[in-house]
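[1] Give me coordinates for this.
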Amino acid sequence: MRNPIKLVLFGVGVWLAPFVVGMLSWPLQESVPALFETVVSVAMSGAAVVFGLLYLRLNPNVSLRDTAAVGTLWMAICLLIDAPLFLVGLGWSPFEYATDIGLAYLMVPIVVMGLGAASRAKE
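    So this is what the prediction gives:
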């Protein structure tokens, strides 16, 4: 993407959408924890799809390698914003964070690469 600021802002958007959904659905964390986890995961995958499609619309001839790099960058942005909130703010251990939240961010590069591969398959 020619505009690195927009690329970073898209990554922040990928993090922000599930964060907002998580905050709005926080009461489920106490009453139905599995539903809460599912709702946040759906929001994360949805955000990855939306921002991935926006990225591809702005960059129609991007390679699969580029989509892998973009998805990985967005995952890193999510982790850089998110991890301190849980590790420092809530006092979670790195293991707790990785197993409860951190690994879920792997869906971001997977989704973006899948969208990139699908867009290339049309050609």
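
[2] can we go C-alpha only for contacts and neighbour counts from here?
    Noted.

[3] which residue packs closest to L87, ignoring adjacent ones?
    S93 (6.1 Å; C-alpha to C-alpha, 6 or more residues apart in numbering).

[4] Tally up the residues packed near V88, please.
    V88 sits with 10 neighbouring residues when counted by other C-alpha atoms under 10 Å.

[5] Please apply the same query to M113.
    M113 has 23 neighbours, counted by other C-alpha under 10 Å.

[6] for F36, same thing?
    19.

[7] Please identify the helix or strand for it.
    Counting by DSSP states H and E, the element that carries F36 is helix 33-58.

[8] rewinding a little: I101 versus the residue nearest to L87, what's the distance?
    S93 sits 12 Å away from I101 when distances are taken as C-alpha to C-alpha, to the nearest Å.

[9] Those two: who's more crowded?
    Between S93 and I101, counted using other C-alpha under 10 Å, I101 has the larger neighbour count: 17 against 11.

[10] show me what contacts that one?
    Residues near I101 by C-alpha atoms under 8 Å, 6 or more residues apart in numbering: none.

[11] try P109
    Taking C-alpha under 8 Å, 6+ apart, one finds 67-72, 74-75 in contact with P109.

[12] what helix or strand does it sit in?
    helix 107-121.

[13] Next, the angle from that helix to helix 33-58.
    Comparing the axes of helix 107-121 and helix 33-58 via axes from the mean of the first three to the mean of the last three C-alpha atoms, to 10 degrees yields an angle of 40 degrees.

[14] Roughly how far does the residue nearest to G11 when sequence neighbours are not counted sit from L53?
    In space, and not counting its chain neighbours, G11 is closest to W74: 4.4 Å by C-alpha to C-alpha, 6+ apart. Relative to L53, W74 is positioned 14 Å away (C-alpha to C-alpha).

[15] which regions of the protein lie under the pLDDT threshold?
    The chain contains residues with pLDDT under 70 at 1, 122-123.

[16] same thing but at 80, please
    Scanning the chain for pLDDT under 80 picks out 1-2, 121-123.
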